[in-house]
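>>> Model the structure of this input:
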Amino acid sequence: MDEQEEEKLPSRMERSRKSKKKKKHKAKPEFPLVRIWLILFFVLIFGILLYPFWFPAIY
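Residues are numbered from 1 along each chain as shown. Just a heads-up that it's a prediction; the model follows:
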């Protein structure tokens, strides 16, 4: 390699800094639909478990 070609290339430290910066800016994917279904699932389970306690109160 010529010295001119080597000067064009970034050092390893500079390259790793750039890749770390890019990774930090990524946002976590959000799944609102999954979150809603999970909450509804737990509410359903909670309701089924407490059914014997609130069923006589209805009538």
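
>>> what about S16, how many neighbours?
11 (other Cβ atoms under 10 Å). All C-beta atoms are positioned from the backbone trio N, CA, C, and that covers glycine.

>>> Quick check: it vs L9, distance?
Counting by Cβ to Cβ, to the nearest Å, the gap from S16 to L9 is 14 Å.

>>> and for those two, which residues touch both?
Common neighbours of S16 and L9, counting by Cβ atoms under 8 Å, 6 or more residues apart in numbering, are absent.

>>> by contact count, what packs against the longest helix along the chain?
Scanning the chain for the longest helix, with DSSP state H as the assignment, gives helix 32-58. The helices and strands touching helix 32-58, judged by 3 or more Cβ pairs under 8 Å, 6 or more residues apart in numbering; DSSP states H and E, number zero.

>>> Flag every buried residue along that helix.
By neighbour count on 16 or more other Cβ atoms under 10 Å, the buried set for helix 32-58 is empty.

>>> And for stretch 32-48, what's in contact with it?
Counting by Cβ under 8 Å, 6+ apart, no residue sits against stretch 32-48.

>>> and it, C-alpha only, in PDB?
Only the C-alpha atoms of stretch 32-48 are listed here, as PDB (Å, rounded to 0.1, in the frame of the first residue of the first chain):
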ATOM      1  CA  PRO A  32     -48.400  -1.200  21.500                       C
ATOM      2  CA  LEU A  33     -50.700  -3.900  20.200                       C
ATOM      3  CA  VAL A  34     -48.700  -6.600  22.000                       C
ATOM      4  CA  ARG A  35     -48.800  -4.500  25.100                       C
ATOM      5  CA  ILE A  36     -52.600  -4.100  24.900                       C
ATOM      6  CA  TRP A  37     -53.100  -7.800  24.400                       C
ATOM      7  CA  LEU A  38     -50.900  -8.600  27.300                       C
ATOM      8  CA  ILE A  39     -52.800  -6.300  29.600                       C
ATOM      9  CA  LEU A  40     -56.200  -7.700  28.400                       C
ATOM     10  CA  PHE A  41     -54.900 -11.200  29.100                       C
ATOM     11  CA  PHE A  42     -53.900 -10.400  32.600                       C
ATOM     12  CA  VAL A  43     -57.200  -8.700  33.200                       C
ATOM     13  CA  LEU A  44     -59.000 -11.800  32.000                       C
ATOM     14  CA  ILE A  45     -57.000 -14.100  34.200                       C
ATOM     15  CA  PHE A  46     -57.600 -11.800  37.200                       C
ATOM     16  CA  GLY A  47     -61.300 -11.700  36.500                       C
ATOM     17  CA  ILE A  48     -61.500 -15.500  36.200                       C
END
